[in-house]
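**Q** Make a model of this:
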Amino acid sequence: MTSKSLQNENKSAALSRLFSPGVFRQLARDGRSDLLVRILNEAELLEDLNTKTIGQVLDRAFQLSKAVELRTEHTYKAAITHKILLGTHSLKTASLFTEFRVANSKADVVVVNGTSTVYEIKSERDSLERLESQIADYFKVFSRVNVICAEKHVRKILNTAPGCVGILTLNRRFQISTVREATDSNSKVDQAVVFDSLSLSESELIIKSLGRTVPDVPNTVKYQVLKEIFCELPSELLRHEVVKTLRNSRSALHLSEFILQLPLSLQPLGISTRIRKKDQSRLLEVINQPAKNLLKWT
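**A** Below you'll find the predicted structure:
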């Protein structure tokens, strides 16, 4: 690896840690973050702080992460958030959530509107080793699967992924390009996998919506009793009920005002990382502080 490549690897790793739920929560909870300052220093972003706010410093870091050689998972999640959720859809019509557990896989991004779509990220630094099993897992719950990937992965995914899987790329201009459109899967949902992906309250809502009674049982046996009922639900009706329930239960519509006040770099985290109401106000105060205040946190 050349010194330039190593430098890019280190900077990309720093940017990945910078835009993490941990740093986001710490900023919101404490109104400061020593870790944030250390990461900004590693990424050489603590220069020229006199005329900037903390939010503008974060947006500058985000701009850096758009470069192909520095892209992180957050870069791709931001593209999906800004160009698909807030661009094609809206917080009124769709819900977005991340790191959604499905069987042995974890979906990077899920968007639920009239249907349910998974976006599996395969960035410049990712391997395609597990992609086949991930796709198989996602179709046990969701209607459509997209792989949004670095351009270097396109040919291999075209040759190996099922024809119903969509393939998207994030080009050098930070635009999402469609290589192949996703189509609805004909596979049946797996009731047991769906149940284990949802919260118990979400499962109860679906059971009731399909005309079944939720028994009043002790919490110690509730999981097993509900799962047995859930696995008897008709597969052909279940996918629709999952979409309807997740769109409502995981909606970020009530966060609209807060999200729109965040810098673009933090909006994806504002949607997917839930924080307390009082912490939202604290976070907004922090990002509007002069950037030179960062130097006081060390």
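
**Q** Next, count neighbours for Glu124.
**A** Glu124 has 19 neighbours, counted by other Cβ atoms under 10 Å. For glycine as for every other residue, the C-beta is placed from the backbone atoms N, C-alpha and C.

**Q** The closest residue to Val102 other than its chain neighbours in helix, strand or coil?
**A** When the adjacent residues along the chain are set aside, Val102 lies closest to Asp137, with 4.9 Å between them (Cβ to Cβ, 6 or more residues apart in numbering). With DSSP: H, G, I helix; E, B strand; the rest coil as the basis, the three-state label of Asp137 is helix.

**Q** And the helix or strand hosting Leu96, what does it pack against?
**A** Assigned by DSSP states H and E, Leu96 belongs to strand 95-102. Counting by 3 or more Cβ pairs under 8 Å, 6 or more residues apart in numbering; DSSP states H and E, the packing neighbours recorded for strand 95-102 are strand 105-112, helix 191-197, helix 235-249, helix 267-272.

**Q** Can I get the last one as CSV, trimmed to CA atoms?
**A** Right, helix 267-272. Provided in CSV are the C-alpha atoms of helix 267-272 (Å, rounded to 0.1, in the frame of the first residue of the first chain):
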residue,chain,number,x,y,z
GLN,A,267,-29.6,14.4,9.1
PRO,A,268,-29.1,10.7,8.5
LEU,A,269,-28.2,10.2,12.1
GLY,A,270,-31.0,12.4,13.3
ILE,A,271,-33.5,10.1,11.5
SER,A,272,-32.0,6.8,12.5
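
**Q** what comes up buried for the helix or strand just after that helix?
**A** Proceeding N to C from helix 267-272, the next assigned helix or strand is helix 277-287, under DSSP H and E. By 16 or more other Cβ atoms under 10 Å, the buried positions in helix 277-287 come out as 279-280, 282-283, 286-287.

**Q** Output those in a markdown table, with pLDDT and distance to Thr53 appended to each entry.
**A** Shown next, in a markdown table, are the buried residues of helix 277-287 (pLDDT from 0 to 100; distance: Cβ to Cβ, whole Å):
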| residue | pLDDT | distance to Thr53 |
| --- | --- | --- |
| Asp279 | 97 | 19 |
| Gln280 | 98 | 17 |
| Arg282 | 97 | 15 |
| Leu283 | 98 | 13 |
| Val286 | 97 | 10 |
| Ile287 | 97 | 7 |
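
**Q** quick revisit: compare the helices and strands packed on strand 95-102 and give me the one nearest Ile167.
**A** In terms of Cβ to Cβ, the element of the helices and strands packed on strand 95-102 nearest to Ile167 is strand 105-112, at 14.8 Å.

**Q** Can you give me the buried ones in that closest one?
**A** Using 16+ other Cβ under 10 Å as the test for burial, strand 105-112 gives 105, 107-112.

**Q** Leu233 touches Ile207, doesn't it?
**A** Yes: using Cβ atoms under 8 Å, Leu233 is in contact with Ile207, at 7.1 Å.

**Q** just the helices in the stretch 51-200 of the chain please.
**A** Taking DSSP state H, counting those that start in this stretch to define them, one finds helices in the stretch 51-200 of the chain at 54-65, 73-80, 131-138, 154-160, 191-197, 200-209.
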